[in-house]
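Novice: pasted the sequence and its predicted model underneath.
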Amino acid sequence: MNIPDIKISLPKLKNDRKKLKWGVAGLGRYSDLTFIPALLLCRKSSLVSVFSRTPERAKAVAEKYAVLENFSNYSEFLKSDIQAVYVGSANNKHIEDVIKAAEAGKHILCEKPLALSSAEAEEMIRICEKNNVQLAVNYTQRFHPVTVKAKELIDAGFIGKIVSISANFNSYFPPDNNFRFTKKESGGGALRDIGTHIIDLLRFFGGEINSIQGVCDNVIFNYEVDDYSAGIVNFKNGGHGVFTVSFNTKKAFNRIEILGHSGAICIENLISNKHQPALLTLMHENEGKKVFKKRGNKLVHLIKALQVPFLNNTTPPITGYDGLINLRLMEELERRWTNLK
């Protein structure tokens, strides 16, 4: 079977001069060092205003990136000349920030996890639909070119029926004053913060999930949220997925292996590795092993994929329902683990 070149196709704007005007709400390290630089690389988007609950922070980030307007009042921020809001605040603030943005008629890209609970996520989706605005979630891993190509190969039947998918996202995140270590603000630790990415990738590659079970534990660090989680899932279309995520490992391989009846796909350097190109290795019963290298800014690809849907008010490729489904799965894993303890 011939394997097409690895590339990603992005929708084109109907009006080449039309730009999507963004506001960024929540100016932590990720917004400052990752999201805003990625947004500035997207020529069909422009950054109009920023918001932080700390006035000095809003002013400092605005000056750093030459943003015209900055706010410490969220209602005033939403009155600025923006069409879309990136919500990068702490997890417990998502519901408030998303609902107010929706009621102001702004399309929303919300940081993951979508909310502290599936009940909150349901309410956020309801309000967005009521106000006819689009809600997307920042699941960047879906948008790297090698991830897109792997999905195309799976859907084309290149590796046959999926038998299993294994995925790992292990990192080192020692205790500090970050909101992620406070359950009231984050909702949970490694599972909620990075496990949500892996569960989303399992669904992306393997389809919807029937059941999930696993563990949440504190193996190294004794903060009030988990520093390690592992799970096993059963796909509705058959086959299984397994994953591990952690905040306690200084070195890890972090690869994705997709095994099918007729072949296999391995993805490396996709997760937690910004300095090397991602590797896509293919094996097929009728062909020799092939290895492809591809660099790609996942967040830039995600933002570009949202530009047309947000400008035209059509359904984006990643939605609030993805965030809701992933939250329900994490809650089920946590519930089962709590009942076993």
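Specialist: Right, received. Where do you want to start?
Novice: so Asn234 bridges to which residues?
Specialist: Beta-bridge pairing for Asn234 (DSSP bridges): Ser211, His240.
Novice: what's the pLDDT at it?
Specialist: Looking at Asn234, its pLDDT reads 98.
Novice: so who does it touch?
Specialist: By C-beta atoms under 8 Å, 6 or more residues apart in numbering, the contact set of Asn234 is 209-212, 240. (C-beta placed from N, C-alpha, C; glycine too.)
Novice: distance check, it against Leu202.
Specialist: Distance, Asn234 to Leu202, using C-beta to C-beta, to the nearest Å: 11 Å.
Novice: give the helix, strand or coil label for the residue lying closest to Asp193 once chain neighbours are set aside.
Specialist: In this structure, Asp193 finds its nearest non-sequential neighbour in Arg180, 5.6 Å apart by C-beta to C-beta, 6 or more residues apart in numbering. Classification of Arg180 by DSSP: H, G, I helix; E, B strand; the rest coil places it in helix.
Novice: was I right about Arg180 contacting Ala190?
Specialist: No: Arg180 is beyond contact range of Ala190, at 9.1 Å (criterion: C-beta atoms under 8 Å).
Novice: overlap in contacts, these two.
Specialist: With C-beta under 8 Å, 6+ apart as the test, Arg180 and Ala190 both reach 173, 225.
Novice: mind listing the strands for the protein?
Specialist: Secondary structure of the chain (DSSP state E): strands at 20-25, 45-51, 69-71, 84-87, 107-110, 135-137, 162-170, 209-217, 228-235, 240-246, 256-260, 263-268, 278-284, 287-294.
Novice: out of those strands, flag the one nearest Pro145.
Specialist: strand 287-294 (4.9 Å; C-beta to C-beta).
Novice: how much does that closest one deviate in direction from strand 278-284?
Specialist: Taking axes from the mean of the first three to the mean of the last three C-alpha atoms, to 10 degrees, one finds that strand 287-294 is oriented at 170 degrees with respect to strand 278-284.
Novice: buried set for strand 287-294?
Specialist: For strand 287-294, the neighbour count (16 or more other C-beta atoms under 10 Å) marks 292, 294 as buried.
Novice: closest to Tyr223 among the contacts of Asn234?
Specialist: Nearest member of the contacts of Asn234 to Tyr223, counting by C-beta to C-beta, is Ile212, at 23.9 Å.
Novice: wait, the closest one sits on Arg328?
Specialist: No: in this structure Ile212 lies outside contact range of Arg328 using C-beta under 8 Å: 9.3 Å.
Novice: of those two, which one has the most company?
Specialist: Counted by other C-beta atoms under 10 Å, Ile212 and Arg328 do not tie: Ile212 has more neighbours, with 21 against 16.
Novice: measure the more buried one to Met330 for me?
Specialist: Taken as C-beta to C-beta, the span from Ile212 to Met330 is 8 Å.
Novice: repeat that for Trp337.
Specialist: For Trp337, the distance to Met330 - C-beta to C-beta - is 11 Å.
Novice: below-threshold pLDDT in this structure: ranges please.
Specialist: 1-17, 272, 341 (pLDDT under 70).
Novice: at 90 what do you get?
Specialist: 1-18, 175-178, 271-276, 285-288, 338-341 (pLDDT under 90).
Novice: what residues go with each domain of it?
Specialist: 20-137, 145-295 (automatic domain parsing).
Novice: would you map the helices across this structure?
Specialist: With DSSP state H, the ranges of helices along the chain come out as 29-30, 36-40, 55-64, 74-78, 94-103, 118-130, 145-155, 183-186, 190, 196-206, 298-312, 320-340.
Novice: burial count for Tyr321?
Specialist: Other residues close to Tyr321 by other C-beta under 10 Å number 15.
Novice: now do the contacts for it.
Specialist: Contacts were defined as C-beta under 8 Å, 6+ apart; by that measure Tyr321 touches Ile125.
Novice: measure it to Ile125 for me?
Specialist: Tyr321 is 7 Å from Ile125, by C-beta to C-beta.
Novice: right, and His94 touches Lys112 too?
Specialist: No: using C-beta under 8 Å, His94 is not in contact with Lys112; the gap is 9.4 Å.
Novice: looking at these two, which one has more neighbours?
Specialist: His94 (27 against 22).
Novice: count the neighbours of the spatially closest residue to that one that is not a sequence neighbour for me.
Specialist: Once flanking residues are discounted, His94 sits nearest to Ala115: 5.2 Å by C-beta to C-beta, 6+ apart. Ala115 has 24 neighbouring residues, counting by other C-beta under 10 Å.
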